[in-house]
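> no sequence on this one, just coordinates:
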């Protein structure tokens, strides 16, 4: 079978993901001797398809399914924030119906931050990679992870490699990347189970309150699922601090 010459050039921060042993001044020339999709070629260099925003082959935009059969020049560009996952595009023809997240254990602490900001977020530290991929597809979620191999799984259409290390900055990164500042709804979801918080009369739960809480607080919310009770002093200060950090966040360069 003939060898097909191929030049690939990765742009932006994608260059940081390329396996060093296969990088040479940003220009890569892998030989092809079989019918291979451009998705498989890109991921062979360590770049998950979830991080790719557009692909040009000989200056023409193509999808992940495009097959390289002749000598070609390929340009791979990263996703550029704000990323709209609710609208179709060439690489992701089926958009999400709503914003919801699935969190991998390696960024588990991000879960509480996302729920605190009001975003539907699924998480269980026991879920394995195969389960996460299945759930991402079934529940139509954005998978957040620091595992590049996981993000390469075919069933994951929408995912994001989280670059920040601190949970508060991870939240800011996600909010910025997906342009969600106007969708933040503080104190609307339970940080423990993801359920909706509903206003509840004090008298209805007064027997479940500690003496000082009963004395000094008057407005309460209760989770519709796990029945956890929240009041203004329980996590409001933490949320205010988080919102302040969001406003001060310096976006990463993509």
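Okay, I see it. Owing to the predicted nature of the structure, the values given are computational and were not obtained by experimental measurement. Residues are numbered from 1 along each chain as shown.

> Quick check: which helices or strands does the host helix or strand of residue 115 pack against?
Using DSSP states H and E, residue 115 sits in helix 110-116. Contact analysis of helix 110-116 by 3 or more CB pairs under 8 Å, 6 or more residues apart in numbering; DSSP states H and E lists strand 100-103, strand 120-122, helix 167-178, helix 232-248 as its packing neighbours. Heads up, the C-betas are built off the backbone N, CA and C, glycines and all.

> Looking at these, spot the one closest to residue 154.
Among those, strand 100-103 comes nearest to residue 154, with 15.9 Å by CB to CB.

> returning to what we had before: of the helices and strands packed on helix 110-116, flag the one that's most buried.
Scoring these by mean neighbour count under mean count of other CB atoms under 10 Å gives strand 100-103 as the most buried, with a mean of 24.

> average model confidence for that strand?
Averaging pLDDT along strand 100-103 gives 98.

> Quick one: the strands in the stretch 1-150 of the chain, in order.
In the stretch 1-150 of the chain, the strands defined using DSSP state E, counting those that start in this stretch lie at 6-10, 27-28, 36-37, 52-57, 60-61, 67-68, 72-78, 100-103, 120-122, 142-145.

> Out of these, which gets nearest to residue 218?
Closest among the strands of the stretch 1-150 of the chain, using CB to CB: strand 120-122, at 28.6 Å.

> quick one on the thing from earlier: rebuild the helices and strands packed on helix 110-116 as JSON lines, extending it with distance to residue 59.
Output for the helices and strands packed on helix 110-116, formatted as JSON lines (distance: least, CB to CB, whole Å):
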{"stretch": "strand 100-103", "distance to residue 59": "35"}
{"stretch": "strand 120-122", "distance to residue 59": "40"}
{"stretch": "helix 167-178", "distance to residue 59": "27"}
{"stretch": "helix 232-248", "distance to residue 59": "39"}
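
> Looking at those, which is nearest to residue 10?
Here helix 167-178 is closest among the helices and strands packed on helix 110-116 (CB to CB), at 18.7 Å.

> Determine the set of other helices and strands touching that closest one.
helix 110-116, strand 142-145, helix 232-248.

> what's the following helix or strand after it?
strand 197-200.

> what does that next one contact?
Contacts with strand 197-200, where a contact means CB atoms under 8 Å, 6 or more residues apart in numbering, come from 187, 188, 189, 190, 219, 220, 221, 222, 223, 224, 229, 230.

> Flag whichever of those residues scores worst on pLDDT.
Out of the contacts of strand 197-200, that is residue 187, at 86.

> surely that residue meets residue 223?
No - at 11.3 Å, residue 187 and residue 223 do not qualify as touching, with contact defined as CB atoms under 8 Å.

> what's the overlap in contacts for these two?
With CB under 8 Å, 6+ apart, residue 187 and residue 223 have common neighbours 197, 230.

> Which of those two has more residues huddled nearby?
Taking other CB atoms under 10 Å, residue 187 and residue 223 do not tie; residue 223 has more neighbours (20 against 17).

> thinking the more buried one is in contact with residue 193, fair?
Yes - counting by CB under 8 Å, residue 223 touches residue 193, with 6.4 Å between them.

> so what sits against both of those two?
What both residue 223 and residue 193 touch, as defined by CB under 8 Å, 6+ apart, is an empty set.

> just to revisit the earlier point, tell me the buried residues within the contacts of strand 197-200.
The neighbour count (16 or more other CB atoms under 10 Å) marks 187, 188, 189, 190, 220, 221, 222, 223, 230 as buried among these.

> farthest-separated two in those?
Within the buried ones among the contacts of strand 197-200, 189 and 220 form the most distant pair, 15.5 Å apart (CB to CB).

> Show me the least confident stretch of the strands of the stretch 1-150 of the chain, going by mean pLDDT.
What stands lowest among the strands of the stretch 1-150 of the chain, in mean pLDDT terms, is strand 27-28, with a mean of 60.

> residues touching residue 230, list them.
Contacts of residue 230 (CB under 8 Å, 6+ apart): 187, 190, 197, 220, 221, 222, 223.

> Can you tell me the closest non-neighbouring residue to the second one?
What that stands for is residue 190. Counting by CB to CB, 6 or more residues apart in numbering, residue 190 lies nearest to residue 223, which is 3.8 Å off, once chain neighbours are set aside.
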